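S.K.: Sequence below, structure please.
(chains A and B)
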Amino acid sequence: MHSIAELSDPFYDKGPNDKGIGIQLGYSLYRVLTGYLLAALVAIPIGFVIGMSPLMYKALNPYIQILRPISPLAWMPLALFIIQDSETSAIFVIFICSIWPMLINTAFGVAAVRQDWVNVARTHELSPIRTAFQVILPAAAPTILTGMRISIGIAWLVIVAAEMLVGGTGIGYYVWNEWNNLDLTSVIFSILMIGLVGMLLDLGLNGATKLVQYKE
Amino acid sequence: MLSLRAKSAIVSICFLAVFLGAWEATSQPPKAEKALTEYELLMGGADQEARVPPPLCRNHALDCRAV
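M.R.: Below is the predicted model:
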């Protein structure tokens, strides 16, 4: 019954502390997608460079291995201090947690491209840029998208915790606020909605992965 | 001819040096226009804004505090 009441008007807005679950999910999705897309813009090119160059791989690997295990929420105080805006800090936290799976998977996918295919491109005297876009990128695409799929799951997981810390809006804040109101029905319903949205995000990227799959 | 390992170590150290240099350069406090009293120095001197401490904290009492 509670879920029907929540879903009947999910976009109501009765002030800063009373918004529908649809609006809260919208805020969270905006933050996740912004941080995630920024991470993709950085991780995929760098992963490409790392995958193509054993020198860059060895040079950057120590930093990746040190930064990767740091909990995204541990970056929150530093982000809040430097950025001085909770919304942008939450996006930064999503960025920093999403970047690593995409970067590592891209590097792995690019390094694993069959050398025969690169040799054929060289035989056809393709420029390095054309080789990268027409041979290496399509070959590595399934692995890159697998990394993106892992990242979106982590990003959605982290945003809930980040919003519990920064407050304001978002599904994480909603869960925490409903807990403070001792409304466990809303908490349980919100948890289910978080799981549902996470599943839909994963399904979307799974579909994209299937589009670029190929058989050798 | 240097091995791949040696070259990658040099590149890695260069990246670290660039990062630390940029951090040091961007976290310098402003210079005081006139000589400061000891009290003003302890209260942050010419730097009245909270900032990330620089990586080289030469004067621990002053440089390494964020606020």
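
S.K.: And the residue of chain A closest to chain B?
M.R.: Of all residues in chain A, residue A:58 sits closest to chain B, with a separation of 3.4 Å (CB to the nearest CB). In short, each C-beta sits where N, CA and C put it, glycine included.

S.K.: Do I have it right that that residue meets residue B:6?
M.R.: No - the pair formed by residue A:58 and residue B:6 falls short of the contact definition of CB atoms under 8 Å, at 10.0 Å.

S.K.: returning to that earlier point: which residue is the nearest non-sequential neighbour of the residue of chain A closest to chain B?
M.R.: residue B:8 (3.4 Å; CB to CB, 6 or more residues apart in numbering or on different chains).

S.K.: in what helix or strand does residue A:31 lie?
M.R.: In this structure, residue A:31 sits in helix A:21-52 according to DSSP states H and E.

S.K.: Around residue B:15, how many other residues sit close by?
M.R.: The local packing of residue B:15 (other CB atoms under 10 Å in any protein chain shown) involves 15 other residues.

S.K.: residues touching residue A:152, list them.
M.R.: Residues near residue A:152 by CB atoms under 8 Å, 6 or more residues apart in numbering or on different chains: A:32, A:36, A:98, A:201-202, A:205.

S.K.: can you redo these as a markdown table with pLDDT and neighbour count?
M.R.: Shown next, in a markdown table, are those (pLDDT from 0 to 100; neighbours: other CB atoms under 10 Å in any protein chain shown):
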| residue | pLDDT | neighbour count |
| --- | --- | --- |
| A:32 | 95 | 26 |
| A:36 | 96 | 26 |
| A:98 | 95 | 30 |
| A:201 | 95 | 19 |
| A:202 | 95 | 15 |
| A:205 | 93 | 17 |
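
S.K.: of all those residues, which two lie farthest apart?
M.R.: Using CB to CB, the pair of those lying farthest apart is A:98 and A:202, separated by 13.8 Å.

S.K.: re earlier: please say which of residue A:58 and residue B:6 ends up with more neighbours.
M.R.: Ranked by neighbour count (other CB under 10 Å), residue A:58 and residue B:6 place residue A:58 first, with 17 against 10.

S.K.: could you check the angle helix A:21-52 makes with the helix or strand that contains that one?
M.R.: Here residue A:58, judged by DSSP H and E, is contained in helix A:54-67. Orientation check (axes from the mean of the first three to the mean of the last three CA atoms, to 10 degrees): helix A:54-67 against helix A:21-52 gives 140 degrees.

S.K.: quick one: buried residues of helix A:54-67?
M.R.: Buried residues in helix A:54-67, counted by 16 or more other CB atoms under 10 Å in any protein chain shown: A:55-60, A:64.

S.K.: Could I get the contacting residues of residue A:149?
M.R.: When contacts are taken as CB under 8 Å, 6+ apart, residue A:149 is in contact with A:202, A:205-206, A:209.
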